[in-house]
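Undergrad: Prediction below, plus the sequence it came from.
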Amino acid sequence: MRYFALLCLPLLLSALLLLPPVPAAALEIEPFRTANRNPLIHGYGLPSERTPQLLPAGTWSAVLTQDVASIYSNSSTATEQLVLDGEQYRWALTGKYALNDRFELGLELPIIHQSGGSLDSMIIDWHNLWGLPQGGRDSAPKNRLTYRYSKDGSQRLNVTDTSTGVGDVSLLAGYRLLDQHQNEEHDTVTIRAQLKLPTGDSGSLHGTGSTDLALFLTGATNRNTEWGTLGVYGSAGGMVSSDGDLLSKQRENLIGFGSAGIGWSPVTWIALKAQLDLNTAFYRQSSLDELSTTALMLTIGGTLQLSDNYLLDIGLSEDLTVAAAPDVTFHLGLSARF
């Protein structure tokens, strides 16, 4: 599936090249609001909200996102055994309010559902169709939930029960450093912070039991041309985290992360985007890629403008570093501004 995802974007771009030039400004390019949904990582405070654009003073926004991640990995060494097999549904409601032209505050409330899901057969058939490796998924029990890890003969993780619950709540803040309009150009730079609190049940992997503080810089440049809007964006930062409850003896307490993306909006109602996301390893003292490898994900898709105030993001994420992120994540994000 990952090779198919890489082929989709050029095909879409080729088709849209047939559209006529548009003199009016099209959509500005903003990041996908998603992150690594590896079940051993998703509960930590990796920020999903990384747009450098802040709201106008006195206005607020609401964003509802859904990430559906299909996970399968089975790895072992002489001292470690790990099985991650399941599906994760993550819904998050984020509200933000601009106190003035430079400063906004927000709150993110996630709901997590862990289960065996129903996507295994579809993904196996898709891999067979394109001749892609299954990685053992086709020989494993279908639609099961098993997150299990043992090290040195001691079981350190065992989650097999379907569950739904509130995840770890995050407090958000953003401060605009630059917002420059010049002719057909728009450049923005913002510093953001996120404080994640241990409100979710770590035993069901709805949370981690840790308090995480992330600080990061995010920026974008958009250019209006006769062929629409061209945009480039990126972010980089770090997160400090307490040990929490999840594999606490192996935790890395300082995590680096970043993203980079490009986009093109040929008309006022659609934009196409491709985004890379990276995070360093969350765990140490392990030889398994799922725990100790830097993760790199590719998300492709776009944005539809439903009305003046409503935007819909649609994306598909693939793990470029195998096993460090879910095999595939389906992303939807509906945002409204008032």
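TA: Received it, and whenever you're ready, just let me know what you need.

Undergrad: Might you list the low-confidence residue ranges for this structure?
TA: Within the chain, the ranges that satisfy pLDDT under 70 run 1-25, 132-133.

Undergrad: Check it for its longest strand and report it.
TA: In the chain, with assignment by DSSP state E, the single longest strand is strand 80-98.

Undergrad: Now do that one: distance to the chain's middle.
TA: Computed by C-alpha atoms, centre = their mean, to the nearest Å, the chain-centroid distance of strand 80-98 equals 9 Å.

Undergrad: do you know how far the residue nearest to residue 156 when sequence neighbours are not counted is from residue 104?
TA: In space, and not counting its chain neighbours, residue 156 is closest to residue 149: 5.3 Å by C-beta to C-beta, 6 or more residues apart in numbering. Any C-beta I mention is one placed from the backbone N, CA and C, and that applies to glycine too. Between residue 149 and residue 104 the computed distance is 39 Å (C-beta to C-beta, to the nearest Å).

Undergrad: One more: residue 235?
TA: Distance from residue 235 to residue 104, by C-beta to C-beta: 16 Å.

Undergrad: can you pull out the helices in this protein?
TA: 2-16, 120-130, 289-292 (DSSP state H).

Undergrad: Can you report how many residues neighbour the closest residue to residue 190 other than its chain neighbours?
TA: The shortest distance from residue 190 to any non-neighbouring residue, by C-beta to C-beta, 6+ apart, is to residue 52 (4.3 Å). Residues lying near residue 52 (other C-beta atoms under 10 Å) number 25.

Undergrad: Was I right to think residue 52 contacts residue 188?
TA: Yes - with contact defined as C-beta atoms under 8 Å, residue 52 reaches residue 188; the gap is 4.3 Å.

Undergrad: got any residues that touch both of those two?
TA: Common contact partners of residue 52 and residue 188 (C-beta atoms under 8 Å, 6 or more residues apart in numbering): 219, 220.

Undergrad: So what's the residue count around residue 127?
TA: For residue 127, the neighbour count with other C-beta under 10 Å is 19.

Undergrad: same thing with the one 3 residues further on?
TA: For residue 130, the count of nearby residues is 11 (other C-beta under 10 Å).

Undergrad: For the stretch 101-250 of the chain, which segments count as strands?
TA: 103-115, 146-151, 154-159, 163-166, 170-182, 185-196, 212-225, 228-241 (DSSP state E, counting those that start in this stretch).

Undergrad: now those strands in a markdown table, with mean neighbour count and distance to residue 94?
TA: Output for the strands of the stretch 101-250 of the chain, formatted as a markdown table (neighbours: other C-beta atoms under 10 Å; distance: least, C-beta to C-beta, whole Å):
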| stretch | mean neighbour count | distance to residue 94 |
| --- | --- | --- |
| strand 103-115 | 19 | 5 |
| strand 146-151 | 19 | 26 |
| strand 154-159 | 14 | 26 |
| strand 163-166 | 14 | 14 |
| strand 170-182 | 15 | 7 |
| strand 185-196 | 19 | 11 |
| strand 212-225 | 19 | 15 |
| strand 228-241 | 20 | 16 |
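
Undergrad: of all the ones you listed, which lies closest to residue 331?
TA: With C-beta to C-beta as the criterion, residue 331 lies closest to strand 103-115 of the strands of the stretch 101-250 of the chain, at 13.9 Å.

Undergrad: Report all helices and strands that that closest one contacts.
TA: Contacts defined by 3 or more C-beta pairs under 8 Å, 6 or more residues apart in numbering; DSSP states H and E place strand 103-115 against strand 80-98, strand 163-166, strand 170-182.

Undergrad: Let's have those strands in TSV, adding distance to residue 259.
TA: Converted to TSV, the helices and strands packed on strand 103-115 look like this (distance: least, C-beta to C-beta, whole Å):
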stretch	distance to residue 259
strand 80-98	17
strand 163-166	26
strand 170-182	16
